[in-house]
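Colleague: Give me a 3D structure for the following:
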Amino acid sequence: MYALVGDDAFLQLAALGEVAARMPADAQRIDADGERAELAEALDELRSFAMFGGGKLVVVRNADAFVTRFREQLENYLGQPSDSATLVLRLCSLPANQRIYKLIVKVGEVVKCEPPKDLAGWVMARGREAHGLAVAPDAARMLADLIGGDLGRLDNELAKLALMVDGGKLSAKDVAGTVSFQREQQMWDMTNELAAGRAGEALRKWRQLVQLDSSAEFRAVTWLAMWLENVRKALAMKKAGMNPFTIAQQLRIWPRELQQPFFKTAEALGEGGVARGLDLLAEIDRQSKSGVGDAASNVERFLLSIPVGGS
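Modeller: Model prediction:
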(Lines give C-alpha, C1' and ligand atoms only; values in the text may rest on other atoms or scores of the structure.)
Protein backbone atom coordinates (compact mmCIF):
# COMPACT_ATOMS: atom_id res chain seq x y z
CA MET A 1 0.00 0.00 0.00
CA TYR A 2 1.16 3.50 -0.84
CA ALA A 3 0.03 6.92 0.35
CA LEU A 4 1.04 9.76 -1.98
CA VAL A 5 0.74 12.78 0.28
CA GLY A 6 0.77 16.40 -0.87
CA ASP A 7 -1.06 18.88 -3.05
CA ASP A 8 1.29 18.78 -6.05
CA ALA A 9 -0.41 16.76 -8.79
CA PHE A 10 2.78 16.53 -10.87
CA LEU A 11 4.73 14.87 -8.07
CA GLN A 12 1.81 12.58 -7.20
CA LEU A 13 1.51 11.41 -10.80
CA ALA A 14 5.28 10.90 -11.04
CA ALA A 15 5.20 8.81 -7.85
CA LEU A 16 2.20 6.87 -9.14
CA GLY A 17 4.13 6.14 -12.32
CA GLU A 18 6.97 4.68 -10.27
CA VAL A 19 4.54 2.47 -8.34
CA ALA A 20 2.92 1.28 -11.56
CA ALA A 21 6.35 0.51 -13.04
CA ARG A 22 6.97 -1.96 -10.20
CA MET A 23 3.82 -3.89 -11.08
CA PRO A 24 3.70 -6.70 -13.69
CA ALA A 25 3.28 -5.47 -17.24
CA ASP A 26 -0.23 -6.97 -17.47
CA ALA A 27 -1.42 -5.61 -14.10
CA GLN A 28 -5.01 -4.39 -14.10
CA ARG A 29 -5.51 -0.79 -12.93
CA ILE A 30 -8.70 0.45 -11.30
CA ASP A 31 -9.23 4.15 -10.51
CA ALA A 32 -11.80 5.55 -8.07
CA ASP A 33 -12.74 8.96 -6.70
CA GLY A 34 -12.41 8.97 -2.92
CA GLU A 35 -15.27 11.41 -2.45
CA ARG A 36 -17.74 8.89 -3.93
CA ALA A 37 -16.04 5.50 -3.70
CA GLU A 38 -17.33 2.88 -1.30
CA LEU A 39 -14.91 0.84 0.77
CA ALA A 40 -16.65 -2.45 -0.01
CA GLU A 41 -16.10 -1.93 -3.73
CA ALA A 42 -12.42 -1.09 -3.24
CA LEU A 43 -11.88 -4.12 -0.99
CA ASP A 44 -13.63 -6.40 -3.49
CA GLU A 45 -11.21 -5.22 -6.17
CA LEU A 46 -8.20 -5.69 -3.90
CA ARG A 47 -9.18 -9.19 -2.81
CA SER A 48 -10.37 -10.57 -6.16
CA PHE A 49 -8.05 -11.95 -8.81
CA ALA A 50 -7.09 -9.85 -11.81
CA MET A 51 -8.70 -10.86 -15.08
CA PHE A 52 -5.36 -11.56 -16.74
CA GLY A 53 -3.42 -12.74 -13.72
CA GLY A 54 -0.98 -9.82 -13.45
CA GLY A 55 -2.20 -8.42 -10.16
CA LYS A 56 -4.22 -5.27 -9.51
CA LEU A 57 -3.39 -1.64 -8.87
CA VAL A 58 -6.28 0.18 -7.17
CA VAL A 59 -5.82 3.97 -7.14
CA VAL A 60 -8.06 6.23 -5.03
CA ARG A 61 -7.71 9.91 -5.88
CA ASN A 62 -9.06 12.65 -3.57
CA ALA A 63 -8.60 10.05 -0.85
CA ASP A 64 -8.75 12.38 2.18
CA ALA A 65 -12.53 11.99 2.38
CA PHE A 66 -12.18 8.25 1.79
CA VAL A 67 -9.81 7.87 4.75
CA THR A 68 -12.06 10.02 6.95
CA ARG A 69 -15.11 7.88 6.19
CA PHE A 70 -13.43 4.48 6.43
CA ARG A 71 -10.43 4.98 8.72
CA GLU A 72 -11.12 2.06 11.08
CA GLN A 73 -11.90 -0.39 8.25
CA LEU A 74 -8.77 0.67 6.34
CA GLU A 75 -6.70 0.15 9.48
CA ASN A 76 -8.18 -3.34 9.78
CA TYR A 77 -7.35 -4.05 6.12
CA LEU A 78 -3.75 -2.94 6.68
CA GLY A 79 -3.45 -5.62 9.35
CA GLN A 80 -3.81 -8.23 6.62
CA PRO A 81 -3.54 -6.60 3.17
CA SER A 82 -3.98 -8.44 -0.10
CA ASP A 83 -0.84 -10.11 -1.41
CA SER A 84 -1.97 -9.87 -5.05
CA ALA A 85 -3.01 -6.23 -5.25
CA THR A 86 -1.64 -2.77 -4.43
CA LEU A 87 -3.70 0.07 -3.03
CA VAL A 88 -2.60 3.66 -3.68
CA LEU A 89 -4.19 6.58 -1.83
CA ARG A 90 -3.67 10.08 -3.27
CA LEU A 91 -4.01 12.43 -0.29
CA CYS A 92 -3.50 16.11 0.45
CA SER A 93 -2.40 15.39 4.01
CA LEU A 94 -1.73 12.50 6.36
CA PRO A 95 -0.19 13.38 9.76
CA ALA A 96 2.64 11.08 10.79
CA ASN A 97 1.23 10.68 14.31
CA GLN A 98 -1.91 8.95 13.06
CA ARG A 99 -2.22 5.17 13.41
CA ILE A 100 -3.08 4.66 9.75
CA TYR A 101 0.17 6.42 8.73
CA LYS A 102 2.22 4.02 10.85
CA LEU A 103 0.33 1.00 9.52
CA ILE A 104 0.93 2.08 5.91
CA VAL A 105 4.65 2.41 6.58
CA LYS A 106 4.71 -1.19 7.90
CA VAL A 107 3.29 -2.68 4.71
CA GLY A 108 4.23 -0.09 2.12
CA GLU A 109 5.37 3.50 1.85
CA VAL A 110 4.26 7.09 2.44
CA VAL A 111 5.60 9.29 -0.36
CA LYS A 112 5.75 13.05 0.25
CA CYS A 113 4.59 15.01 -2.81
CA GLU A 114 5.27 18.59 -1.76
CA PRO A 115 6.91 21.21 -4.02
CA PRO A 116 10.58 21.73 -3.15
CA LYS A 117 11.60 24.81 -1.19
CA ASP A 118 14.49 25.39 -3.62
CA LEU A 119 12.44 25.72 -6.79
CA ALA A 120 15.36 26.92 -8.94
CA GLY A 121 17.39 23.93 -7.79
CA TRP A 122 14.55 21.62 -8.82
CA VAL A 123 14.42 23.28 -12.26
CA MET A 124 18.13 22.69 -12.79
CA ALA A 125 17.91 19.06 -11.63
CA ARG A 126 14.77 18.34 -13.67
CA GLY A 127 16.26 19.92 -16.77
CA ARG A 128 19.38 17.77 -16.45
CA GLU A 129 17.72 14.47 -15.50
CA ALA A 130 14.56 14.52 -17.64
CA HIS A 131 15.45 16.69 -20.62
CA GLY A 132 19.23 16.53 -20.97
CA LEU A 133 19.32 20.30 -20.49
CA ALA A 134 21.97 22.20 -18.56
CA VAL A 135 20.01 25.08 -17.02
CA ALA A 136 22.04 28.06 -15.84
CA PRO A 137 21.20 29.24 -12.28
CA ASP A 138 19.87 32.62 -13.46
CA ALA A 139 17.71 30.89 -16.09
CA ALA A 140 16.35 28.54 -13.40
CA ARG A 141 15.50 31.47 -11.13
CA MET A 142 13.76 33.27 -13.99
CA LEU A 143 11.63 30.23 -14.80
CA ALA A 144 10.81 29.72 -11.12
CA ASP A 145 9.83 33.37 -10.67
CA LEU A 146 7.74 33.58 -13.84
CA ILE A 147 5.89 30.28 -13.41
CA GLY A 148 5.95 29.70 -9.66
CA GLY A 149 5.51 26.33 -7.98
CA ASP A 150 3.49 24.64 -10.74
CA LEU A 151 5.93 21.76 -11.36
CA GLY A 152 3.90 20.34 -14.22
CA ARG A 153 4.04 23.59 -16.13
CA LEU A 154 7.72 24.05 -15.31
CA ASP A 155 8.42 20.60 -16.72
CA ASN A 156 6.43 21.38 -19.88
CA GLU A 157 8.36 24.60 -20.43
CA LEU A 158 11.67 22.81 -19.90
CA ALA A 159 10.64 20.23 -22.52
CA LYS A 160 9.81 22.97 -25.03
CA LEU A 161 12.97 24.93 -24.31
CA ALA A 162 15.09 21.78 -24.68
CA LEU A 163 13.91 21.54 -28.28
CA MET A 164 14.62 25.21 -28.98
CA VAL A 165 18.13 25.81 -27.64
CA ASP A 166 21.37 24.67 -29.23
CA GLY A 167 24.02 22.67 -27.41
CA GLY A 168 21.77 21.54 -24.57
CA LYS A 169 22.47 24.66 -22.50
CA LEU A 170 19.77 27.07 -21.35
CA SER A 171 20.59 30.66 -20.39
CA ALA A 172 18.42 33.42 -18.96
CA LYS A 173 18.69 35.12 -22.36
CA ASP A 174 17.18 32.02 -24.00
CA VAL A 175 14.24 32.10 -21.58
CA ALA A 176 13.67 35.84 -21.94
CA GLY A 177 13.90 35.59 -25.74
CA THR A 178 10.95 33.27 -26.21
CA VAL A 179 7.72 34.96 -27.28
CA SER A 180 5.64 33.27 -24.59
CA PHE A 181 7.96 34.42 -21.82
CA GLN A 182 8.14 37.93 -23.18
CA ARG A 183 4.35 38.07 -22.81
CA GLU A 184 4.55 36.49 -19.33
CA GLN A 185 7.13 39.10 -18.29
CA GLN A 186 4.95 41.93 -19.57
CA MET A 187 1.99 40.58 -17.62
CA TRP A 188 4.24 40.27 -14.56
CA ASP A 189 5.35 43.90 -15.00
CA MET A 190 1.72 45.01 -15.16
CA THR A 191 0.83 43.30 -11.86
CA ASN A 192 4.02 44.70 -10.30
CA GLU A 193 2.82 48.21 -11.13
CA LEU A 194 -0.54 47.35 -9.64
CA ALA A 195 1.13 45.98 -6.50
CA ALA A 196 3.10 49.23 -6.19
CA GLY A 197 -0.15 51.20 -6.26
CA ARG A 198 0.56 52.70 -9.67
CA ALA A 199 -2.75 51.87 -11.35
CA GLY A 200 -2.18 54.39 -14.13
CA GLU A 201 1.12 52.79 -15.10
CA ALA A 202 -0.44 49.33 -14.86
CA LEU A 203 -3.17 50.53 -17.23
CA ARG A 204 -0.58 51.85 -19.70
CA LYS A 205 1.28 48.55 -19.68
CA TRP A 206 -1.99 46.66 -20.11
CA ARG A 207 -2.91 48.68 -23.20
CA GLN A 208 0.54 48.07 -24.69
CA LEU A 209 0.22 44.35 -23.99
CA VAL A 210 -3.19 44.11 -25.67
CA GLN A 211 -1.81 45.86 -28.75
CA LEU A 212 1.06 43.38 -28.97
CA ASP A 213 -0.95 40.26 -28.12
CA SER A 214 -4.73 40.18 -28.45
CA SER A 215 -4.88 36.89 -26.53
CA ALA A 216 -3.64 38.68 -23.40
CA GLU A 217 -7.20 39.64 -22.47
CA PHE A 218 -8.02 35.96 -21.98
CA ARG A 219 -5.05 35.39 -19.65
CA ALA A 220 -5.37 38.56 -17.62
CA VAL A 221 -8.05 37.27 -15.24
CA THR A 222 -5.83 34.33 -14.25
CA TRP A 223 -2.82 36.58 -13.66
CA LEU A 224 -4.81 39.11 -11.66
CA ALA A 225 -6.38 36.34 -9.58
CA MET A 226 -2.89 35.01 -8.82
CA TRP A 227 -1.84 38.51 -7.74
CA LEU A 228 -4.85 38.86 -5.45
CA GLU A 229 -4.10 35.44 -3.99
CA ASN A 230 -0.59 36.69 -3.15
CA VAL A 231 -2.12 39.73 -1.46
CA ARG A 232 -4.46 37.48 0.54
CA LYS A 233 -1.56 35.27 1.62
CA ALA A 234 0.54 38.30 2.62
CA LEU A 235 -2.26 39.66 4.80
CA ALA A 236 -2.79 36.28 6.46
CA MET A 237 0.94 35.79 7.08
CA LYS A 238 1.29 39.27 8.56
CA LYS A 239 -1.72 38.61 10.78
CA ALA A 240 0.02 35.43 11.98
CA GLY A 241 3.02 37.52 13.09
CA MET A 242 5.46 36.94 10.23
CA ASN A 243 7.79 39.81 9.34
CA PRO A 244 7.65 41.49 5.91
CA PHE A 245 11.06 40.17 4.83
CA THR A 246 10.05 36.54 5.40
CA ILE A 247 6.70 37.10 3.69
CA ALA A 248 8.41 38.66 0.67
CA GLN A 249 10.80 35.71 0.44
CA GLN A 250 8.09 33.08 0.64
CA LEU A 251 5.80 34.83 -1.86
CA ARG A 252 8.73 35.71 -4.17
CA ILE A 253 7.92 39.43 -4.25
CA TRP A 254 10.64 40.99 -6.36
CA PRO A 255 12.47 43.22 -7.10
CA ARG A 256 13.25 44.35 -3.54
CA GLU A 257 12.11 47.93 -4.14
CA LEU A 258 8.61 46.62 -4.90
CA GLN A 259 8.19 45.00 -1.48
CA GLN A 260 7.26 48.04 0.62
CA PRO A 261 4.74 49.39 -1.95
CA PHE A 262 3.26 45.89 -2.24
CA PHE A 263 2.58 45.76 1.50
CA LYS A 264 1.05 49.25 1.39
CA THR A 265 -1.27 48.20 -1.41
CA ALA A 266 -2.15 45.00 0.46
CA GLU A 267 -3.06 47.03 3.57
CA ALA A 268 -5.09 49.46 1.44
CA LEU A 269 -7.04 46.56 -0.05
CA GLY A 270 -7.51 44.55 3.14
CA GLU A 271 -9.25 41.19 3.28
CA GLY A 272 -12.53 42.75 2.20
CA GLY A 273 -10.91 44.40 -0.82
CA VAL A 274 -9.36 41.11 -1.89
CA ALA A 275 -12.72 39.37 -1.67
CA ARG A 276 -14.41 42.14 -3.66
CA GLY A 277 -11.58 42.02 -6.23
CA LEU A 278 -12.02 38.29 -6.73
CA ASP A 279 -15.78 38.75 -7.10
CA LEU A 280 -15.18 41.47 -9.69
CA LEU A 281 -12.73 39.28 -11.58
CA ALA A 282 -15.26 36.45 -11.64
CA GLU A 283 -17.87 38.86 -13.00
CA ILE A 284 -15.42 40.21 -15.61
CA ASP A 285 -14.63 36.66 -16.70
CA ARG A 286 -18.33 35.83 -16.96
CA GLN A 287 -19.08 38.99 -18.95
CA SER A 288 -16.14 38.47 -21.30
CA LYS A 289 -17.17 34.87 -22.03
CA SER A 290 -20.81 35.81 -22.54
CA GLY A 291 -20.08 38.77 -24.83
CA VAL A 292 -21.08 41.49 -22.35
CA GLY A 293 -18.72 44.36 -22.99
CA ASP A 294 -15.19 44.27 -24.36
CA ALA A 295 -12.82 41.93 -22.48
CA ALA A 296 -9.90 44.36 -22.57
CA SER A 297 -12.10 47.21 -21.31
CA ASN A 298 -13.45 44.98 -18.55
CA VAL A 299 -9.88 44.37 -17.36
CA GLU A 300 -9.19 48.13 -17.45
CA ARG A 301 -12.20 48.63 -15.18
CA PHE A 302 -10.65 46.21 -12.68
CA LEU A 303 -7.23 47.91 -12.79
CA LEU A 304 -8.77 51.29 -12.05
CA SER A 305 -10.76 49.87 -9.11
CA ILE A 306 -7.66 48.95 -7.07
CA PRO A 307 -6.95 51.46 -4.26
CA VAL A 308 -3.57 53.18 -4.43
CA GLY A 309 -1.30 52.04 -1.64
CA GLY A 310 2.11 52.76 -3.12
CA SER A 311 3.86 56.00 -3.89
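Colleague: Wait, residue 154 touches residue 147, no?
Modeller: Yes. With contact defined as Cβ atoms under 8 Å, residue 154 and residue 147 form a contacting pair (5.3 Å). To be clear about C-beta, it is placed using only N, CA and C from the backbone, and glycine gets the same treatment.
Colleague: Compare these two (neighbour count), which wins?
Modeller: With neighbours defined as other Cβ atoms under 10 Å, residue 154 and residue 147 compare such that residue 154 has more, 23 against 18.
Colleague: tell me, which helix in the protein spans the most residues?
Modeller: helix 259-290 (DSSP state H).
Colleague: Can you name the next helix or strand after that helix?
Modeller: Read in the C-terminal direction, the helix or strand following helix 259-290 is helix 295-305, with elements assigned using DSSP states H and E.
Colleague: Same question for stretch 134-150: list its buried residues.
Modeller: Buried residues in stretch 134-150, defined by neighbour count with 16 or more other Cβ atoms under 10 Å: 135, 136, 139, 140, 141, 142, 143, 144, 146, 147, 148, 149.
Colleague: Between helix 295-305 and the longest helix of the chain, find me the angle.
Modeller: Orientation of helix 259-290 against helix 295-305 (axes from the mean of the first three to the mean of the last three Cα atoms, to 10 degrees) gives an angle of 150 degrees.
Colleague: Can you tell me how far residue 129 is from residue 212?
Modeller: For residue 129, the distance to residue 212 under the criterion Cβ to Cβ, to the nearest Å works out to 36 Å.
Colleague: Those two: who's more crowded?
Modeller: A count of neighbours by other Cβ under 10 Å puts residue 212 above the other of residue 129 and residue 212, at 12 against 9.
Colleague: Touching, the more buried one and residue 185? I think so.
Modeller: No. With contact defined as Cβ under 8 Å, residue 212 does not count as touching residue 185 (11.8 Å).
Colleague: returning to what we had before: if we only consider the buried residues of stretch 134-150, which is nearest to residue 265?
Modeller: residue 148 (19.6 Å; Cβ to Cβ).
Colleague: Quick check: which ranges of the protein have low pLDDT?
Modeller: 50-54, 179-184, 214, 255, 308-311 (pLDDT under 70).
Colleague: and the spatially most central residue of it, backbone torsions?
Modeller: For the chain, the residue nearest the mean C-alpha position is residue 150 (3.9 Å; Cα atoms, centre = their mean). The phi and psi values for residue 150, taken as degrees, to the nearest 10, are phi -80, psi 90.
Colleague: Specify the local secondary structure of the closest residue to residue 254 other than its chain neighbours.
Modeller: The shortest distance from residue 254 to any residue other than its chain neighbours is 6.7 Å, reached at residue 145 (Cβ to Cβ, 6 or more residues apart in numbering). Here residue 145 takes the helix state, with states given by DSSP: H, G, I helix; E, B strand; the rest coil.
Colleague: Tell me the spacing between residue 145 and residue 210.
Modeller: Per Cβ to Cβ, residue 145 is found 23 Å from residue 210.
Colleague: In terms of secondary structure, what does the helix or strand hosting residue 245 contact?
Modeller: Counting by DSSP H and E, the secondary-structure element that holds residue 245 is helix 244-251. Other elements packing on helix 244-251 under the criterion 3 or more Cβ pairs under 8 Å, 6 or more residues apart in numbering; DSSP states H and E are helix 216-239, helix 259-290.
Colleague: Would you pull up how far it lies from the middle of the chain?
Modeller: Remark: helix 244-251 is offset 19 Å from the chain centroid, using Cα atoms, centre = their mean, to the nearest Å.
Colleague: Please point out which parts of it sit buried.
Modeller: When neighbours are counted by 16+ other Cβ under 10 Å, the buried residues of helix 244-251 are found to be 247, 248, 251.
Colleague: Same check on stretch 275-291?
Modeller: Taking 16+ other Cβ under 10 Å as the basis for neighbour counts, the residues of stretch 275-291 that come out buried are 277, 280, 281, 284, 285, 287, 288.
Colleague: my read is residue 58 is in a strand, agree?
Modeller: Yes. Following the definition three-state DSSP, residue 58 is counted among the residues of a strand.
Colleague: My guess is it contacts residue 46. True?
Modeller: Yes. With contact defined as Cβ under 8 Å, residue 58 and residue 46 form a contacting pair (5.6 Å).
Colleague: where do the contact lists of those two overlap?
Modeller: Shared contacts of residue 58 and residue 46, defined by Cβ atoms under 8 Å, 6 or more residues apart in numbering, are found at 85, 87.
Colleague: More neighbours: which of the two?
Modeller: Summary of the neighbour comparison: residue 58 and residue 46, criterion other Cβ under 10 Å, with residue 58 having more neighbours (23 against 19).
Colleague: what pairs with the more buried one across the strands?
Modeller: Partner residues in beta bridges with residue 58, using DSSP bridges, are residue 30, residue 87.
Colleague: if we can go back for a sec, quickly note the distance from the residue nearest to the centre of the chain to residue 156.
Modeller: 9 Å.
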